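Student: Fold the stuff below for me.
(one chain, ligands or ions: 2)
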Amino acid sequence: MISIKHLSKSFRNPDGSVINVLKDVNCEISKGEVISIIGPSGTGKSTLLRAINMLEPPTSGEIWVDGENIMAKGYKLDKMRRKMGMVFQSFNLFDNMTVLENITYAPVRLLGMTQEAAKAEAMELLHKVGMTQKAGVYPDSLSGGQKQRVAIARALAMHPEAILFDEPTSALDPTMVGEVLSVMRQLAKEGLTMLIVTHEMRFARDVSTRIFFMNEGIIYEDGTPEQIFEHPIHSATKAFVNRIQKLVYEIEDEQFDYLQIHTGLNQFCLKYNLSALADDAYVIIKEMLFEHLKGLRPLTFRITHAELSGETALDFMVEGMKESPLPSNDAVKKLRARVKNIVEEPTLRGFRVKIILK
Ligand code: ADP
Ligand code: MG
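Tutor: Residues are numbered from 1 along each chain as shown. Ligands and ions are numbered 1, 2, ... in the order given. As a prediction, the model looks like this:
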């Protein structure tokens, strides 16, 4: 139904420099799919949605909708806008119209429906989103969750083939997120094609047929929720879905400030509720830096903690090494017995020794 080929989008900054926000986005979206787009902020998720419905015309590439290239000269954008609804983080309701008028406005103007037919249908849609009692009020008397449900009803009133949602719950008070997600779950069940930019991981995992992980302006990894959340291929995907927190130190030579590492470690452990590990971790860090990996510089040391799995590790990456820098002596044997696991693996830049504490 939607096919995107080599889509790119750049913006020119006021100082004349160019930023490439979408680099080479390719994807196929079939009817009835529910696709969640996840990824760090600033990676082009909103820009992609806005490019798909031409609110932000792409710099190059092709977008095919129902067999027509909507970027071709002469294509009537109205036609595509009718097929694709959009729901924004900030609702974008018409404040000078009642809830009912917000919903009937476009069907009357653009689809040529009669007022009566449009009203009757709007009432059905309001019923669907649980908002019939608010038909006559103005948006500013509604809560955020209610506004977003009206915005969804308004999008549905155009009988779209797909709805694009850009972080529909991000502006909401946490108590109102659920009511909007449950409307969206219902729509997914009914087979509406949906493209949803969201940070609600559990929701994305439950309702989506596919997940796009966007990173650095491309669809970095795409797969079923099971693939993306349980068996991601790329480490950036893994870090994102696991919500991996890290603290990184670059150690250039022997003159590094290990007290600074101590302070950082303690703060990190406090923040993620790992204080029970802090003392042992510090002993191991000193042992690694001053004994087992002594003189092996530069090395990058990081403390990582995956909030979802709970895995906490000390990770030492020694540059330029092809084999494990860990000696096989008694001290290291004892260390192995004290921790959960030690993973030794080559990386692009060197060799990593990852000590998994928990
Ligand atoms: P996301 O939705 O993933 O957080 P966006 O698509 O909003 O990311 O933005 C991606 C990047 O593009 C950001 O660095 C943002 O500053 C930049 N950007 C977005 N819109 C514009 C614009 N109209 N002009 C210049 N830069 C923009
Ligand atoms: Mg965004």
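
Student: Any stretches of the stretch 101-250 of the chain with poor pLDDT?
Tutor: Within the stretch 101-250 of the chain, no range satisfies pLDDT under 70.

Student: quick one, phi/psi of residue 196?
Tutor: phi -130, psi 120 (degrees, to the nearest 10).

Student: Give me the helices and strands touching the longest helix belonging to the chain, please.
Tutor: Using DSSP state H, we find that the single longest helix of the chain is helix 174-189. Applying 3 or more CB pairs under 8 Å, 6 or more residues apart in numbering; DSSP states H and E, one finds that helix 174-189 makes contact with helix 144-156, strand 193-197, helix 201-207. All C-beta atoms are positioned from the backbone trio N, CA, C, and that covers glycine.

Student: contacting residues around that helix?
Tutor: Outside helix 174-189, the residues that touch it by CB atoms under 8 Å, 6 or more residues apart in numbering are 34, 128-130, 143-146, 148-149, 152, 156, 163, 165, 168-169, 172, 194, 196, 200, 203, 206-207.

Student: Tell me who's in contact with the most centrally placed residue in the chain.
Tutor: In the chain, the C-alpha nearest the mean C-alpha coordinate belongs to residue 38, at 2.2 Å (CA atoms, centre = their mean). Neighbouring residues of residue 38 by CB under 8 Å, 6+ apart: 45, 197-199, 201, 204, 211-214, 228, 240-241.

Student: Residues in a beta bridge with it, which ones?
Tutor: Under DSSP bridges, the beta-bridge partners of residue 38 are residue 213.

Student: Let's see the pLDDT reported for residue 292.
Tutor: The score at residue 292 is 97. That number is its pLDDT.

Student: so residue 8 is in which element?
Tutor: Element membership for residue 8, per DSSP states H and E: strand 2-12.

Student: Which elements pack onto that strand?
Tutor: Checked by 3+ CB pairs under 8 Å, 6+ apart, strand 2-12 has strand 18-29, helix 45-52, strand 60-65 packed alongside it.

Student: any chance of these in TSV, with distance to residue 235 and mean pLDDT too?
Tutor: Shown next, in TSV, are the helices and strands packed on strand 2-12 (distance: least, CB to CB, whole Å; pLDDT from 0 to 100):
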stretch	distance to residue 235	mean pLDDT
strand 18-29	19	94
helix 45-52	20	94
strand 60-65	28	93
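
Student: partners of the strand holding residue 8, with directions?
Tutor: Neighbouring strands of strand 2-12 in its sheet, by DSSP bridges, are strand 18-29 (antiparallel), strand 60-65 (antiparallel).

Student: so does that strand get close to ligand 1?
Tutor: Yes: using CB under 6 Å from any ligand atom, strand 2-12 comes into contact with ligand 1 via residue 11.

Student: Just the mean pLDDT for that strand, thanks.
Tutor: Across strand 2-12, the average pLDDT comes to 95.

Student: Going forward, count from 681.
Tutor: Shifting the count to begin at 681 puts that one at strand 682-692.

Student: Which single residue of the stretch 881-1030 of the chain ends up nearest ligand 1?
Tutor: Nearest residue of the stretch 881-1030 of the chain to ligand 1 (CB to the nearest ligand atom) works out as residue 894 at 6.5 Å.

Student: What is the burial count for the closest residue in space to that residue that isn't next to it in sequence?
Tutor: Ranked by CB to CB, 6 or more residues apart in numbering and with sequence neighbours excluded, the top spatial neighbour of residue 894 is residue 719, at 3.7 Å. Residue 719 has 23 neighbouring residues, counting by other CB atoms under 10 Å.

Student: before we move on, what about the one 5 residues further on?
Tutor: If you count neighbours by other CB under 10 Å, residue 724 ends up with 25.

Student: what's the answer for the one 4 residues further on, then?
Tutor: Neighbour count of residue 728, defined by other CB under 10 Å: 28.

Student: who are the neighbours in contact with it?
Tutor: 687, 702, 705, 717, 894 are the contacts of residue 728 under CB under 8 Å, 6+ apart.

Student: The fourth one contacts residue 878, doesn't it?
Tutor: Which is residue 717. Yes: counting by CB atoms under 8 Å, residue 717 touches residue 878, with 7.5 Å between them.
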